[in-house]
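Undergrad: Here is a sequence with its predicted model. Questions after.
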Amino acid sequence: MGIAAAMGAWSARHRWTAVGAWLLLVVLAVFAGQAAGRVDVDQDKSMAGEVNQAATINDDAGLKSPAGEMVIVQAKGGTVKATDPAFRTAVGDVVTAVKGTGKVTAVTSPYDTKSISADGRSALVRFDMLGDEKTAGDRVEPVMDAVKKVQAQHSDLRIEEFGDASANKVLDDAFGTDFKTAEYSAVPLALGILLIAFGALVAALLPVLLAMTAFIAAGGVVALVSHSVPMSDTANSVMLLVGLAVGVDYCLFYLRREREERAAGHDAETALKIAAATSGRAVLISGITVIVAMAGMLFTGIGDFKAMGVATMIVVALAMVGSVTVLPALMSLLGHRVEKGRIPFLNRGRKQAAGRPAAPRTSRVWRTVLRPVLRHPKAATVIAGSALLVVALPAFGMKTANLSMQQELGDGLPIIQTYEHIDAAFPGGPAPAQVVVKAADIDAPAVKKAIAAFQAEAVSSGASKGPVTVTVHGPQNIARIDVPLAGGSDRAKAEANVKTLRDHVRPDTLGKIPGVQAPITGETAGSMDFTHKITSSVPPVFAFVTVFAFLLMLLSFRSLTIAVTSIVLNLLSVGAAYGILTAVFQHGWGASLVGAHGTGAVVAWLPLFLFVILFGLSMDYHVFVVSRIREARTRGLSTKAAIEHGITTTAGVVTSAAVIMVAVFAIFGTLSMQSMKQMGVGLAFAVLIDATVIRGVLLPAVMTLLGDRNWYLPRWMNRLPDMTHDESALPQPPAAEPHPVPELAGADGRR
């Protein structure tokens, strides 16, 4: 007996213990997580490169980078200048108003810092938020309200606020709204699709309940683990996404097989044992494969990726364990009552011949599709393979970038328009490069001279149009140089400016002073370092995931051919998803159809993220389908007959699972943030391609062409551990007329 069969049998015998233990685990995880609290990623320190160096210098010195804010005071037209009395009065009112909130510090007048635009029509009032930079967005609203009141008093001028705190507030609000939309929509949508698929309320509720309890428990475990591996809101969203997807999938696999065996004439206990030995085993293999794929994220060394990897590994592990323990216990408890709450118009039972068990239900649609594929496997392979390669072609020109706030949220939000106004008047002002200078004595003449030389050369080199400002922290021997980048909101030009500062200006000035550290950080520099880190992480992550997935498939099916074809087919699926992402979001082909706007790039973290997620999730279907083919082959069917049997008998559950995944992922494609939209569209299309073209056409076509070579294993590999299970030893259906069991509806509502 295999592990899955043993776990299922134990749970069925000790059903109340299994259910009680699961509920206790969920409750304990929640309470422990709430008691411990969640530790979130420090974005700067989790990065490699100079961003991390700058954050480390500040932290070691006990300096917390404040959330910088600025207010632009700008003439709307005419001949009004910053030197006019009315303009000066407005600037003074802004200074007084923000100071009056008690939430700010280091308020500076543009007349003291010379923050007047080249045309003399704009001025910047700069200040910092009091308190921790990370929570400044929670405290900035009174300051924003004060600025709005000043604007109301000076309607002839434009008076608007932008900065770290106000921008983070807008992003946090957008992200929070998006996450709530996805959370509140995904579960009802999945339940609705399951109602159609199963035609019974109780059967539809089981997968959703398992998935959600696994997600809730994972939230508590993640909070505990976050004290070692800090977490993030993004990781929480991904955990919901993956947890719901795999939790529902695993339940579908199990429920469908148990229903099928009962319909074939087995008693409830035997049907559950067979489901545990077959679908339960597929769940374990699939779950382990997904976990291994998620572990690939740990190789990036980036905090957010490590958080996403660990969070998804936890939720998948819990969903997997729940599927092979509490699910068989619940099924044993419910028995025929799992069919309670049947939907009348989906309750069209299939007639069964007297005295004969019902044959396994197959899909008419997939039988129709499969017939020409099996008859002409070469043509099917060439056509389907060529189509996927054509779809993947745009990916060869993929351009990745960290999206700016403007790209992320579009031009419609007021704060984005404020950013554009500031950037037009003060190029690079809203997102300056920052040089953190650490010296043994920051007030030493040589250091002061080098800082002054850096200020001058930053402008003379063309990297900045000024003003380049310096803030000195004497007791800590640290200075911060703020350098507005001449490229402004043009990311390519701004990155070129940062390279100039790093490669030329710094070596010519600060670099000549022994012992001085001067890492250059900021939004643009951080984006460059992040993109470089992601790019350098691709080879090890790809190698790790593919090699371990290959080994798992090899050991699970003891077939070198199946292991190789599994990897190739999954890579084709991922490549097609990359092509669609590039075409839609980089080139803008059909972007309006998904509510997107032309960002001109794919968000930098997405290709690696998609590879890991898709490689794991696509194994769900692959393991389930190939397991059924292998089972039929072991029981004596020819390879071709086994392929037809495996595809047609699993088509209903694979289609149902894919519809749910596509629908849930598509929700993310409707959200306001472009990064979430790209993730949702990429995942939805990839799963759609994987469940149709890959599993329904390419897999059977390739396996038909290979014939008995599908089961090839070199002799020298016979010494490998045997993780297979002898499906031929499973009980056969009785010859007598079975007890009638209502069948679950297919994804199309048919019986």
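TA: Received the coordinates, thanks.
Undergrad: Assign a three-state SS to the spatially most central residue of the chain, would you?
TA: By C-alpha atoms, centre = their mean, the chain has its centre lying nearest to residue 238, at 4.7 Å. Here residue 238 is recorded as helix under DSSP: H, G, I helix; E, B strand; the rest coil.
Undergrad: Can you tell me how far the nearest residue to it once chain neighbours are set aside is from residue 230?
TA: Of all residues not flanking residue 238 in the chain, residue 308 sits nearest, at 4.9 Å (C-beta to C-beta, 6 or more residues apart in numbering). Glycine gets a C-beta too; all of them are placed from N, C-alpha and C. Distance, residue 308 to residue 230, by C-beta to C-beta, to the nearest Å: 12 Å.
Undergrad: the more surrounded of the two?
TA: Of the pair residue 308 and residue 230, residue 308 is the one with more neighbours under other C-beta atoms under 10 Å, namely 28 against 21.
Undergrad: Enumerate every residue touching that one.
TA: 232, 234, 235, 238, 239, 294, 297, 609 (C-beta atoms under 8 Å, 6 or more residues apart in numbering).
Undergrad: what's in contact with the helix or strand harbouring residue 481?
TA: Using DSSP states H and E, residue 481 maps to strand 478-483. For strand 478-483, the surrounding residues in contact (C-beta under 8 Å, 6+ apart) are 57-58, 61, 63, 428, 432-439, 442, 451, 454-455, 458, 463-464, 468-473, 501.
Undergrad: Go through the residues you listed and flag which are in helices.
TA: The helices, defined by DSSP state H, take in 57, 58, 451, 454, 455, 458 from these.
Undergrad: With adjacent residues omitted, what lies nearest to the fifth one?
TA: Looking back up the chat, that one is residue 455. In space, residue 455 is closest to residue 468, 4.4 Å off (C-beta to C-beta, 6+ apart).
Undergrad: Is it correct that residue 372 falls within a strand?
TA: No: the assignment for residue 372 (three-state DSSP) gives helix, which keeps it out of a strand.
Undergrad: Apart from its neighbours in sequence, what residue is nearest it?
TA: residue 380 (7.1 Å).
Undergrad: Give the buried residues for the host helix or strand of the one you found.
TA: For residue 380, the element it lies in under DSSP H and E is helix 377-392. Neighbour counts over helix 377-392 (16 or more other C-beta atoms under 10 Å) mark 377, 380, 381, 383, 384, 385, 388, 391, 392 as buried.
Undergrad: again, but for stretch 523-540
TA: Buried residues in stretch 523-540 (16+ other C-beta under 10 Å): 523, 524, 525, 526, 527, 528, 529, 530, 531, 533, 534, 537.
Undergrad: Can you list the low-confidence ranges for the stretch 601-750 of the chain?
TA: 722-750 (pLDDT under 70).
Undergrad: Apply 50 and report the result again.
TA: 735-750 (pLDDT under 50).
Undergrad: Now do the helices in it.
TA: Along the stretch 601-750 of the chain, the stretches classed as helices by DSSP state H, counting those that start in this stretch are 606-634, 639-669, 674-689, 699-706.
Undergrad: Tabulate these in TSV, adding columns for mean neighbour count and distance to residue 265.
TA: Below are the helices of the stretch 601-750 of the chain laid out as TSV (neighbours: other C-beta atoms under 10 Å; distance: least, C-beta to C-beta, whole Å):
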stretch	mean neighbour count	distance to residue 265
helix 606-634	25	18
helix 639-669	23	16
helix 674-689	24	35
helix 699-706	22	28
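Undergrad: Other residues contacting stretch 282-294?
TA: 3-4, 242, 246, 249-250, 253-254, 308-309, 312-313, 316-317, 319-320, 323-324, 545, 548-549, 552-553, 556, 612-613, 615-617, 619-620, 623-624, 627, 723.
Undergrad: What's the mean pLDDT across that stretch?
TA: In this model, stretch 282-294 has a mean pLDDT of 85.
Undergrad: Just the buried positions in it, please.
TA: Quick answer for stretch 282-294 (16+ other C-beta under 10 Å): 282-294.
Undergrad: Among these, name the ones in helices.
TA: Using DSSP H, the buried residues of stretch 282-294 in helices are 282-294.
Undergrad: Next, the distance between the ends of stretch 427-441.
TA: Length of stretch 427-441, first residue to last, C-alpha to C-alpha, to the nearest Å: 33 Å.
Undergrad: tell me the mean pLDDT over it?
TA: The model assigns stretch 427-441 a mean pLDDT of 86.
Undergrad: same deal with stretch 528-541?
TA: So the average pLDDT for stretch 528-541 ends up being 85.
Undergrad: now stretch 39-50
TA: Mean predicted lDDT for stretch 39-50 stands at 73.
Undergrad: same question, stretch 314-327
TA: Here the average pLDDT along stretch 314-327 is 91.
Undergrad: For it, list every residue counted as buried.
TA: For stretch 314-327, burial by neighbour count (16+ other C-beta under 10 Å) applies to 314-327.
Undergrad: Kindly report the same for stretch 541-561.
TA: 541-542, 544-546, 548-549, 552-561.
Undergrad: Output it as CSV - backbone C-alpha positions only.
TA: Only the C-alpha atoms of stretch 541-561 are listed here, as CSV (Å, rounded to 0.1, in the frame of the first residue of the first chain):
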residue,chain,number,x,y,z
VAL,A,541,16.3,29.1,-10.7
PHE,A,542,15.5,27.6,-14.1
ALA,A,543,18.1,24.8,-13.6
PHE,A,544,16.9,24.0,-10.1
VAL,A,545,13.2,23.8,-11.0
THR,A,546,13.7,21.8,-14.3
VAL,A,547,16.2,19.3,-12.8
PHE,A,548,14.2,18.5,-9.7
ALA,A,549,10.9,18.4,-11.7
PHE,A,550,12.6,16.0,-14.1
LEU,A,551,13.9,13.8,-11.2
LEU,A,552,10.5,13.7,-9.5
MET,A,553,8.7,12.7,-12.7
LEU,A,554,11.4,10.1,-13.4
LEU,A,555,11.1,8.5,-9.9
SER,A,556,7.3,8.8,-9.9
PHE,A,557,6.7,7.1,-13.3
ARG,A,558,10.0,5.3,-13.7
SER,A,559,10.2,6.4,-17.3
LEU,A,560,12.9,8.5,-18.8
THR,A,561,10.7,9.4,-21.8
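Undergrad: before we move on, back to that, can you say which of the contacts of strand 478-483 are buried?
TA: Buried among the contacts of strand 478-483 (16+ other C-beta under 10 Å): 57-58, 428, 432-439, 442, 451, 454-455, 458, 463-464, 468-469, 501.
Undergrad: thinking residue 19 is in contact with residue 326, fair?
TA: Yes: the pair residue 19 / residue 326 is scored as a contact, 5.8 Å apart, by C-beta atoms under 8 Å.
Undergrad: Perfect, I'm done here.
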